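A.B. asks: the amino acid sequence is not available; the structure is as follows:
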């Protein structure tokens, strides 16, 4: 019987998420979970900081794993400020056909293992992408699978209670 990934993804208890991408055969599955955790996440170019061989991106994410809260007036999601950490990186390439989009808030559509992960031994490429937003980041990780983690910086709260 195949695992129920939906059941593994959803959480009942509202608490900060601390997710680590595992290596080996779990890597691609964990990247899919990471993509789901960060789908519709928002960040600015300025919040993507590289220090040494580590890239950190501060993101406001929708907590899809907690589901929607249904209210008579509207449905809403929990949100949380989070940090995506990737390392050790060797290169980071931003791609866009419209440089003006990089001056706006960027919305994450998906995250996936890029071609280098499949085709170049000892190198992993993580792609953070928004095709409809017109941008993509290609992060080369020098240490095969490296370390990729997502940490909520606060307890998730309902969007209506978020600071603007």
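C.D. replies: Yes, it's here. Owing to the predicted nature of the structure, the values given are computational and were not obtained by experimental measurement.
A.B. asks: and the residue sitting furthest away from the middle of the chain, which of the three is it?
C.D. replies: Residue farthest from the centre of the chain, counting by C-alpha atoms, centre = their mean, is residue 72 at 30.8 Å. Here residue 72 is recorded as coil under DSSP: H, G, I helix; E, B strand; the rest coil.
A.B. asks: look up how far residue 157 lies from it.
C.D. replies: Going from residue 72 to residue 157 by C-beta to C-beta, to the nearest Å gives 20 Å. Where you see a C-beta, it was placed from the backbone N, CA and C, and this is true even at glycine.
A.B. asks: which of the residues in the longest strand along the chain are buried?
C.D. replies: Scanning the chain for the strand with the most residues, using DSSP state E, yields strand 75-87. Neighbour-count burial for strand 75-87 flags 76, 77, 78, 79, 80, 82, 84, 86, 87 (criterion: 16 or more other C-beta atoms under 10 Å).
A.B. asks: mind listing what it pairs with, with the direction of each?
C.D. replies: strand 54-62 (antiparallel), strand 68-70 (antiparallel), strand 147-152 (antiparallel), strand 157-158 (antiparallel) (DSSP bridges).
A.B. asks: quick one: contacts for the most centrally placed residue in the chain?
C.D. replies: Per C-alpha atoms, centre = their mean, the C-alpha nearest to the average position across the chain is that of residue 38, at 3.9 Å. When contacts are counted by C-beta atoms under 8 Å, 6 or more residues apart in numbering, residue 38 is found next to 59, 61, 82, 84, 108, 111, 128, 150.
A.B. asks: quick check: phi and psi at residue 97.
C.D. replies: Residue 97 has phi and psi values of phi -90, psi -10 when expressed as degrees, to the nearest 10.
A.B. asks: what's the separation between it and residue 126?
C.D. replies: Separation of residue 97 from residue 126 (C-beta to C-beta): 21 Å.
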